[in-house]
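Participant: Give me coordinates for this.
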Amino acid sequence: MSDRSTIVLEKYEIEVLRTWKGRGAVLCETEQGILILKEYTGHREKAAFQDALLHMIRENGFDQVEMIVRNKENELLTQDQDGTLYILKTYEDGRECNVRDMEECKNAAKTLAALHKASFFSKPILDYGASHPVCQEFYKHNRELRRVKKYLKDRGQKTDFEIALLHAYDYFLNLALQITEELRFFQNEEENHYVCHGDYQYHNIIVSGGKMHIINFEKCLYDSPVRDLYLFMRKLMEKSGWSKEVGFDLVEAYEMVRPMEKEEYRQLYYRLAYPEKFWKIVNFYFNSGKAWIPDKNMEKLIRVTEQEKDKQLFLESFRRQYGLS
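Facilitator: Just a heads-up that it's a prediction; the model follows:
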C-alpha cells in the first residue's frame, strides 16, 4: 500500500487487514468487509447528492447499491496532504455483467427497472443540479458536429480516416438535425421525478451472490429513466447488429418490473435514433491529437456505417410495435 493510501485510510474508523491495487483504485479488506478507495474528481456537492440518492434508494427497498463510507470527521470526501480528494465506498466482490448472455442482460434490464422504482422522488432530494432535457444534449452535439465538419472541409491534406469521415458526414449530420427537430416537437416539458444512474452499462453491474449490484453512481442526475435504459440498450444493440429480438426482449424485461408510458417509448425511440455513436467518433477525433489517428477510429466508423441499415430497420419496427406516429 502506498504512503498516500495509508495516510488517507487512517482517517477512517476502520481496521485495514490488507490492501491491493484495483483498476484505478485501492481495495481494502476490513472487518466491515471489502472497501474501495478511489480518487474523487467531482464537486463536493455532487458527492452529497450521490450519498443522499443512495440512502433514498435503500430506504425505498433496493439494497443492491454501493454506499459511501464517511471518515472520522463524518465527511464524505477525504483530502490528502497534496489536496487530492478521495472517496471510500463499499465494494461487492463479483464479476461484471456478461453482455453475451442474453438472459443475464434481461435480468440487468429488470434490475434497472427496480432501481428506477426506488429512485422516484416526490420532492427534490437535494438542491443540486436540474433535469437534463435530451433536446438540449442534441443541440449541443449538433453544434459540435457542424463545427467539426467545417474544420474537416477547411483542413488541407487529409488522412484516409478524415476522408472517410467526411464522406459519411452529410448523412449523419442531416439525420441528427432531423431527429432533434422531431423530438423538439414532441418534447414533454413536465417535471421529472426520477434520478438516473447516468452510466448504466455492464462495467457498473456486478453479479454476486445471485444478485446484480449497481456501482459507480458518480454520474447520477435528474432525468427520465429512459436515459439509463437507452444507454444499456444501445451498447447491446451495437454488439448484436441491431437485432430486433435483442431490442424488444430488453424493453419487455424492463417493463415486467416498471411499465413505461407512451411518451417514454417515444423518447427511447428518439434517443436510439439519434446518431450518437457517430457523434462520439467525431468528438474523440476532434479532441485528440491529429498527428496520429488510431486504426480503431476507422474500425468504429466502418462499423457504424455498416450497421446503419439494420439500425433503421429496427427503428421502423420499434415505431410500429409501440404505435409511434
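
Participant: mind showing which ranges of the stretch 1-150 of the chain have poor pLDDT?
Facilitator: For the stretch 1-150 of the chain, the stretches flagged by pLDDT under 70 are 1-4, 126-131.

Participant: can you give me the strands in it?
Facilitator: Using DSSP state E, counting those that start in this stretch, the strands of the stretch 1-150 of the chain run over residues 16-22, 25-30, 33-39, 68-69, 77-79, 85-90, 95-96.

Participant: The third one to strand 25-30, inter-axis angle?
Facilitator: Between the axis of strand 33-39 and that of strand 25-30 there is an angle of 150 degrees, by axes from the mean of the first three to the mean of the last three C-alpha atoms, to 10 degrees.

Participant: Counting by contacts, list what strand 33-39 packs against.
Facilitator: helix 3-9, strand 25-30, strand 85-90 (3 or more C-beta pairs under 8 Å, 6 or more residues apart in numbering; DSSP states H and E). Where C-beta positions appear, they are placed from N, C-alpha and C, glycine not excepted.

Participant: thinking again about what came up before, same list (the strands of the stretch 1-150 of the chain) but as a markdown table, adding distance to residue 284.
Facilitator: Formatted as a markdown table, the strands of the stretch 1-150 of the chain follow (distance: least, C-beta to C-beta, whole Å):
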| stretch | distance to residue 284 |
| --- | --- |
| strand 16-22 | 26 |
| strand 25-30 | 25 |
| strand 33-39 | 23 |
| strand 68-69 | 31 |
| strand 77-79 | 30 |
| strand 85-90 | 27 |
| strand 95-96 | 23 |
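
Participant: okay, now the closest residue to residue 318 other than its chain neighbours: neighbour count?
Facilitator: Leaving aside its chain neighbours, residue 318 sits nearest to residue 269 (5.6 Å; criterion: C-beta to C-beta, 6 or more residues apart in numbering). Other residues lying near residue 269 total 22 when counted by other C-beta atoms under 10 Å.

Participant: centre of the chain versus the strand or helix carrying residue 269, how much separation?
Facilitator: Element membership of residue 269, judged by DSSP states H and E, is helix 262-273. Relative to its chain's centre, helix 262-273 lies at 17 Å (C-alpha atoms, centre = their mean, to the nearest Å).

Participant: Residue 168: neighbouring residues, count only.
Facilitator: 18.

Participant: And residue 287, how far from residue 281?
Facilitator: Separation of residue 287 from residue 281 (C-beta to C-beta, to the nearest Å) stands at 11 Å.

Participant: and these two? which has more neighbours close in?
Facilitator: residue 281 (22 against 9).

Participant: Show me which residues of the host helix or strand of the more buried one are buried.
Facilitator: According to DSSP H and E, residue 281 maps onto helix 276-286. By neighbour count with 16 or more other C-beta atoms under 10 Å, helix 276-286 contains the buried residues 276-279, 281-282, 285.

Participant: Which residues does stretch 64-78 contact?
Facilitator: Contact partners of stretch 64-78, identified using C-beta atoms under 8 Å, 6 or more residues apart in numbering, comprise 8, 11-14, 35, 40, 44, 47-48, 50-51, 54-55, 57-58, 85-92, 111, 115, 211-217.

Participant: ok, the closest residue to residue 145 other than its chain neighbours - how many residues close by?
Facilitator: Excluding the flanking residues, the one nearest residue 145 by C-beta to C-beta, 6+ apart is residue 173, at 5.2 Å. Neighbours of residue 173 under the rule other C-beta under 10 Å: 19.

Participant: most tightly surrounded among the helices and strands packed on strand 33-39?
Facilitator: strand 85-90 (a mean of 20; mean count of other C-beta atoms under 10 Å).

Participant: one step back: what sits against the residue nearest to residue 318?
Facilitator: Listed by C-beta under 8 Å, 6+ apart, the contact set of residue 269 reads 315, 318-319, 322, 324.

Participant: In helices only, show me those.
Facilitator: 315, 318-319 (DSSP state H).

Participant: By neighbour count, which of these wins?
Facilitator: In the ones in helices among the contacts of residue 269, the most neighbours by other C-beta under 10 Å go to residue 318, 19 neighbours.

Participant: wait, doesn't that one sit right on residue 272?
Facilitator: Yes. The criterion here is C-beta atoms under 8 Å, and residue 318 meets it with residue 272 at 7.2 Å.

Participant: Next, show the common contact partners of those two.
Facilitator: Counting by C-beta under 8 Å, 6+ apart, nothing touches both residue 318 and residue 272.

Participant: Could you state which residue of the protein sits nearest its centroid?
Facilitator: In the chain, the centroid-proximal residue (C-alpha atoms, centre = their mean) is residue 199; its distance is 2.0 Å.

Participant: Provide a list of residues in contact with the spatially closest residue to it that is not a sequence neighbour.
Facilitator: Once flanking residues are discounted, residue 199 sits nearest to residue 219: 4.5 Å by C-beta to C-beta, 6+ apart. Neighbouring residues of residue 219 by C-beta under 8 Å, 6+ apart: 197-199.
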